[in-house]
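[1] Prediction below, plus the sequence it came from.
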Amino acid sequence: MADLDALRLLAAVGETGSLTAAGRRLGVTQQAASARLRALETEIGAVLVARGARGSVLTAVGELVAGWGGDVVAAAARFDESVAALQERRRGTLRIAASLTIAEYLLPDWLSQWRRRDPAAAGVRLDAENSTAVIARVRRGGAELGFIETPDLPDDLDRVVIARDELVVVAAPSHPWASAARITRAELAATPLVLRERGSGTRRALDAALEEGGTPLVAAPAAELPSSLAVRTTAATGFAPAVVSALVVRDDLAAGRVVRVALEGPPLTRPLSAVWARGRAVPAASRLLEAIAELVGADV
């Protein structure tokens, strides 16, 4: 069977157009990447990558092998996660995946509430990532329970809304918006902003709210950043205004590091939801949801 790392390398060459870049992505030197690729070509019995002055491209056979290899790599990942799930169930560990905002600002209190209600509660393993990645992890069995902050809930998973969150516009005290009575949604949409990356619940909620109101974002972002901490810190420097969860900037607003900018129209709100595999809620996940419902006053 072909080496999984070699298959990952082949896919990375196809995506980056460079053996060096592909090796860097996988954390190996160019020399090691070249040796791994040669071994794969010897095993397959065909040239998989055409190298030239302008980079590397997959040959026709390379494209086929990369496609097949992607299925093999994905299957191996599912196998590893299934084995990990079996081991963790035996240890009494609840695997949770949560969006970054929920993981950083809400989940600690939720877990404490669960432990107060049930001192013998299962241990927890948490993966913090954006909402799109959380949904994907729950779908493939990598987590028994997921928490997301996106308005478009997946139809193929069981889910329940447990709270609501508000997105707010913030700017540095030196920014002109800091002294404005309010801004219009059209102004917001036409201004380069500091935003979370596409796929995050914050970004998806903002895009959905503005599109629903007929004022979709038209300006290219001033910056797209992978965490709420990076967004609020960048906004506080005066680089550009930002749209973030009110939870994220609570302390910054109190300290005067940023100013909340009033926005015309209804608030930008979004649901915070729990998701799990359809018909496969594990007891520990159900007990955690009951503890959260008790804390936030939700009907879960």
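    Cool, got the structure. Remember, predicted model here, so these are calculated numbers, not experimental data. Numbering: from 1, shown residues only.
[2] what are the ranges of the strands in this protein?
    49-52, 55-58, 93-98, 123-128, 145-148, 157-171, 194-196, 223-225, 242-245, 259-261, 268-277 (DSSP state E).
[3] residues in contact with the fifth one?
    It refers to strand 145-148. 94-99, 102-103, 106-107, 131, 134-135, 137-138, 157, 201, 272-276, 282, 285, 288-289 (CB atoms under 8 Å, 6 or more residues apart in numbering). For the C-beta atoms, the positions are set from N, CA and C on the backbone; glycine is no exception.
[4] what do you get for stretch 283-295?
    Under CB under 8 Å, 6+ apart, the answer for stretch 283-295 is 92, 94, 109-111, 113-114, 116-118, 121-122, 144-145, 160, 162, 274, 276, 298-300.
[5] that older thread, indicate which one of the strands of the chain is closest to residue 41.
    strand 49-52 (7.8 Å; CB to CB).
[6] got the contact list for residue 143?
    95-97, 127, 134, 137.
[7] Apply 7 Å and report the result again.
    Residues in contact with residue 143 (CB atoms under 7 Å, 6 or more residues apart in numbering) are 95-97, 127, 137.
[8] Got the domain ranges for this structure?
    4-85, 91-159+272-296, 164-270 (automatic domain parsing).
[9] Output those domains as a markdown table; include the columns mean pLDDT.
    Putting these into a markdown table (pLDDT from 0 to 100) gives the following:
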| stretch | mean pLDDT |
| --- | --- |
| domain 4-85 | 85 |
| domain 91-159+272-296 | 91 |
| domain 164-270 | 95 |
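[10] if we can go back for a sec, would you reformat the strands of the chain as CSV and include distance to residue 183 and mean neighbour count?
    Output for those, formatted as CSV (distance: least, CB to CB, whole Å; neighbours: other CB atoms under 10 Å):
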stretch, distance to residue 183, mean neighbour count
strand 49-52, 51, 14
strand 55-58, 45, 18
strand 93-98, 32, 24
strand 123-128, 32, 15
strand 145-148, 28, 28
strand 157-171, 7, 19
strand 194-196, 15, 25
strand 223-225, 19, 17
strand 242-245, 12, 28
strand 259-261, 6, 20
strand 268-277, 13, 22
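[11] Just send those back as CSV, with distance to residue 215 too.
    Formatted as CSV, these follow (distance: least, CB to CB, whole Å):
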stretch, distance to residue 215
strand 49-52, 46
strand 55-58, 41
strand 93-98, 30
strand 123-128, 31
strand 145-148, 25
strand 157-171, 13
strand 194-196, 15
strand 223-225, 20
strand 242-245, 13
strand 259-261, 15
strand 268-277, 12
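[12] Of all those, which one is nearest residue 27?
    It is, among the strands of the chain and with distance given as CB to CB, strand 55-58, at 18.3 Å.
[13] Can you name every helix or strand that that closest one contacts?
    In terms of contacts (3 or more CB pairs under 7 Å, 6 or more residues apart in numbering; DSSP states H and E), strand 55-58 is packed against helix 4-16, strand 49-52.
[14] Go again with 6 Å.
    Using 3 or more CB pairs under 6 Å, 6 or more residues apart in numbering; DSSP states H and E, no helix or strand is in contact with strand 55-58.
[15] Run the chain-centre distance for that strand.
    Mean-position distance between strand 55-58 and its chain equals 30 Å (CA atoms, centre = their mean, to the nearest Å).
[16] Ok, which of the strands of the chain comes nearest residue 178?
    strand 259-261 (4.2 Å).
[17] Identify all contacting residues around that closest one.
    Strand 259-261 has contacts (CB atoms under 6 Å, 6 or more residues apart in numbering) with 168-171, 173, 177-178, 183, 253.
[18] now with 10 Å?
    168-183, 187-188, 235-236, 241-243, 246, 249, 252-253 (CB atoms under 10 Å, 6 or more residues apart in numbering).
[19] Are any of these buried, and if so which?
    168-172, 175, 177-178, 183, 187-188, 235-236, 241-243, 246, 249, 252 (16 or more other CB atoms under 10 Å).
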